[in-house]
Every structure is written in structure tokens, then in C-alpha cells.
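> structure, please.
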Amino acid sequence: MGLWSKRSVRAGSTGTRLLFATDIHGSDACFRKFVNAHTVYRTPLLILGGDITGKMIVPILRERDGTYSCEYNDRHYTELDEAGKTELMTVIRRFGHYPLVGGEDEIVALADPGHRDAAFRRTVYASIEDWVTFAEERLRGTGVQLFMAPGNDDFLEIDSALQGSDVVTFAEGRCLPIGDVYEMITTGYSNPTPWNTDRELPEDKLRERLDSMFSQVKNPENLICVAHPPPYDSSLDSAPALDEEFGMQVEMGVGVVTAPVGSTAVRGFIEEAAPLLSLHGHVHEGGGAVEIGRTLCVNPGSAYTGGTLMSAIIELQDGAVKSHQFAAA
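Got it, this is the predicted structure:
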């Protein structure tokens, strides 16, 4: 478990202490670490930003002799028994993919795009329900608050799986109290991307969404803004520039060319509303913290493909950000 810090946390300090992570893209290992992190970092407030679901299902064929086979990560698994199948499923979930076990007819049917998409959505939805159950089992009675919101990559149907829990709070599009002092507004919607994902808005509509939540805020000076895309041209949004075929642009002597891909709406909102703290994700390579006016803007980055949870631990005290640090576990 690694830790790197700009300002260390003072021993014995009091106030609101939170842990923020984002872009875990279906990694079961990252989610379990996130839920359990409060015991390590003493954070009674857990916030999981957008892009919480993975991107693909992995078929596991149930052979007629009762064993299992699978092609995954350029490896061919054959003659797996029940224990071997379970171990493989754990590996697949660790890296944010979804195992789907079936007989030959069921696996062959996945070749149809419509059938495959429906199976994917059912599997993802069930995984979110499992995550909520896991969080409830671990956190009920501890006093720890857990807030979750989807991101632009997450299809709309998962929202209902995040609602109705007495432990997990669905945060999307809401202004929520955080203790007696702070308030939080949250959205996982992003500015347009080349991939035309489920939750994208033109910049003017994204700004309207932020402003609508802001109109409910009672004390803007103590506001936490969770906006999935980072503010434009803030260094938190620096990503590889893409060509017309979505390949990375490379220049001789420079290497991979980067460009800002964040949101002008989010940037404008931060400059004008001046929240105390803004929390972002979306750009996995954009880990870090910058100040825009009085606002500390944080993107912990993402390394979910290796099962590593990147997070930010932030302490608020007396209406100020007293400290922030970044952790990798």
C-alpha cells in the first residue's frame, strides 16, 4: 500500500475526513478496497465517483463433462474444475470484466450483438447489486457514509441498483448535506467524448445541470462539488491526443502528444461558484491537485486495470481544506 502526499495530515486533527476514488470500471478488487479503506485511513466519509462499471463480459464454457474452459488475456484455460472456475472468475472480476458461465448454446448465442448486449447489461446490473450488498454488510452500524454516482461510461439502467439502500447513497444530480457544515453536489455526466457514451451533455447543458444543483446550496463557501470531468485545461484533464481513427498522436522527438479534454462548463462553474473542494475523475492519466481560485480541485487518477485503487484522502476543518494526500492500494 503506497502513499504520496503534498501536505501530511496532522495528528489529532478534527473535522470532516473523506476518501474519494473514481473510475474503477468494474474492478471488484478496487471496490472492496474502497469499502474497507475507512479502517485504514480513518475516513468516515467515502465518495465513489463515476465510471464504476466494466466494459466486457468473458464467456466461460461449461463442457459436457462438467469441466470449464475459457479464453482470457491471451491464455487458454481448459479442464477447470469448480475451484479452478471460481479462481478464474475472481481474476476476471479483479480486472473489471464480467465472467458469464454457460453451456455451448448459451455461449454461441453471445455472437449475436443484441443478445450479447442484453446479457452484458444483466450481468453488470447484478454486479452493482452485489456491490451494494457487500457495502451494506461491511458498513452497516459503523457510522460510515458511502456516496456513489455513475459516470458517462455507465448505462442509465444501473441507477435503480444504487437506490433504496440504507448504507449506500445515490448521489447523482442531488444536493446532499455532509454533516452539519458541508454540502455536496454530484454529477457523473461529462462533456462530449469521441465514444458517444450514455451520459454526455453539450457544455451548456452540463453547466445548466451544475447550476440547477447549486441553486439548492445553502452555504456555497462549504460546498463540495463532485463533477466527473475535470475542469478544462487544468492539468487534471491532460490525455493523449487522438487522430481521426482514435489512435494516439505521436510526434518525432516528443512522443505521445497530449491535449486538455476536460469540461469548460465545469471550469466556468468552479471559477464562478468557487466551491471549497471539487473532486474529479474521467481522465485516468490526470492524477493530481490544482487550485482554481479558492477551490482545491482533485483527480486521484485510475489504475484499475492492475486492481490498484487510487484515492485521495482529504480533511476539511473549520470551512477550509486542511490537508490532502494521495494513496495507492
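
> where in the stretch 151-300 of the chain is pLDDT low?
242-246, 248-254, 256 (pLDDT under 70).

> just the strands in it please.
168-170, 175-178, 182-187, 223-227, 238-240, 250-251, 255-256, 258-260, 277-279, 288-292, 295-299 (DSSP state E, counting those that start in this stretch).

> can I get these in TSV with mean neighbour count and distance to Arg32?
Every C-beta, even on glycine, is put in place using the N, C-alpha and C of the backbone. Below are those laid out as TSV (neighbours: other C-beta atoms under 10 Å; distance: least, C-beta to C-beta, whole Å):
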stretch	mean neighbour count	distance to Arg32
strand 168-170	21	14
strand 175-178	16	24
strand 182-187	24	22
strand 223-227	27	21
strand 238-240	17	28
strand 250-251	10	37
strand 255-256	12	33
strand 258-260	16	32
strand 277-279	26	21
strand 288-292	16	26
strand 295-299	25	22
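
> so which of the ones you listed gets nearest Arg209?
For Arg209, the closest of the strands of the stretch 151-300 of the chain is strand 182-187, at 5.6 Å, according to C-beta to C-beta.

> tell me which strands that closest one pairs with, and in which orientation.
When sheet partners are counted by DSSP bridges, strand 182-187 sits next to strand 175-178 (antiparallel), strand 223-227 (parallel).

> quick one: the shortest one to chain centroid distance?
Relative to its parent chain, strand 175-178 has a centroid offset of 19 Å by C-alpha atoms, centre = their mean, to the nearest Å.

> just the longest one next, same as before
With C-alpha atoms, centre = their mean as the basis, the distance from the averaged C-alpha position of strand 223-227 to the chain average is 15 Å.

> what sits up against it?
20, 47, 49, 147, 149, 171, 178, 182-187, 210, 214, 217, 263, 266, 269-270, 273, 275-280, 295 (C-beta atoms under 8 Å, 6 or more residues apart in numbering).

> likewise for the first one?
Around strand 175-178, the neighbours that count as contacts under C-beta under 8 Å, 6+ apart are 16, 45, 145, 147, 169, 183-186, 213-214, 216-217, 224.

> tell me, how many residues neighbour Arg122?
Other residues lying near Arg122 total 14 when counted by other C-beta atoms under 10 Å.

> tell me the confidence at it?
Listed pLDDT for Arg122 reads 97.

> check which helix or strand it maps to.
If you go by DSSP states H and E, Arg122 is part of helix 113-139.
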